[in-house]
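In: requesting a structural model of the entry that follows:
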Amino acid sequence: MGTNYHLEELIKGASDRLILISPFLKLNDRMKELLADKNRLKIDVRIVWDPLDFSAKSDGSDRQQRRGSGFISC
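Out: Numbering: from 1, shown residues only. Below you'll find the model as predicted:
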């Protein structure tokens, strides 16, 4: 089973708190819907990610210079 399946299962199983940390994060519509459901249920949801979208051409050498992070708390 793929990564999206396991991520959806983690989101579905959260009953008190959900903290997602990822160097990159692309949420499909289903995952966004699940996170919105958790927000409606007043479950503490926090998402930390690297908001920079590196192209396939990048070798990552400039990553340290451009490094940033994103944080969402619902």
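
In: tell me what whichever strand or helix holds Leu18 is packed against?
Out: Taking DSSP states H and E as the definition, Leu18 sits inside strand 17-22. Packing partners of strand 17-22 (3 or more C-beta pairs under 8 Å, 6 or more residues apart in numbering; DSSP states H and E): helix 3-13, strand 44-49. Quick note: C-beta positions are derived from backbone N, CA and C, even for glycine.

In: could I get the ones you listed as a markdown table with mean pLDDT, distance to Leu34 and mean neighbour count?
Out: Formatted as a markdown table, those follow (pLDDT from 0 to 100; distance: least, C-beta to C-beta, whole Å; neighbours: other C-beta atoms under 10 Å):
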| stretch | mean pLDDT | distance to Leu34 | mean neighbour count |
| --- | --- | --- | --- |
| helix 3-13 | 92 | 4 | 13 |
| strand 44-49 | 88 | 10 | 16 |
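
In: how about those in JSON lines, adding distance to Lys32?
Out: Output for these, formatted as JSON lines (distance: least, C-beta to C-beta, whole Å):
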{"stretch": "helix 3-13", "distance to Lys32": "10"}
{"stretch": "strand 44-49", "distance to Lys32": "11"}
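
In: nearest to Ile19, of these?
Out: strand 44-49 (4.7 Å; C-beta to C-beta).

In: mind listing the strands the closest one pairs with, and their directions?
Out: strand 17-22 (parallel), strand 70-73 (antiparallel) (DSSP bridges).

In: what residues sit buried inside the helix or strand following the longest one?
Out: Using DSSP H and E, the helix or strand that directly follows strand 17-22 along the chain is helix 29-40. When burial is assessed from 16 or more other C-beta atoms under 10 Å, helix 29-40 yields the following buried residues: 31, 34-35, 38.

In: what packs against helix 29-40?
Out: helix 3-13, strand 44-49.

In: who's in contact with that helix?
Out: Contacts to helix 29-40, defined as C-beta atoms under 8 Å, 6 or more residues apart in numbering, come from residues 4, 7-8, 11-12, 14, 18, 27, 45, 47, 74.

In: quick one: low-confidence parts of the chain?
Out: 51-74 (pLDDT under 70).

In: sounds good, over and out.
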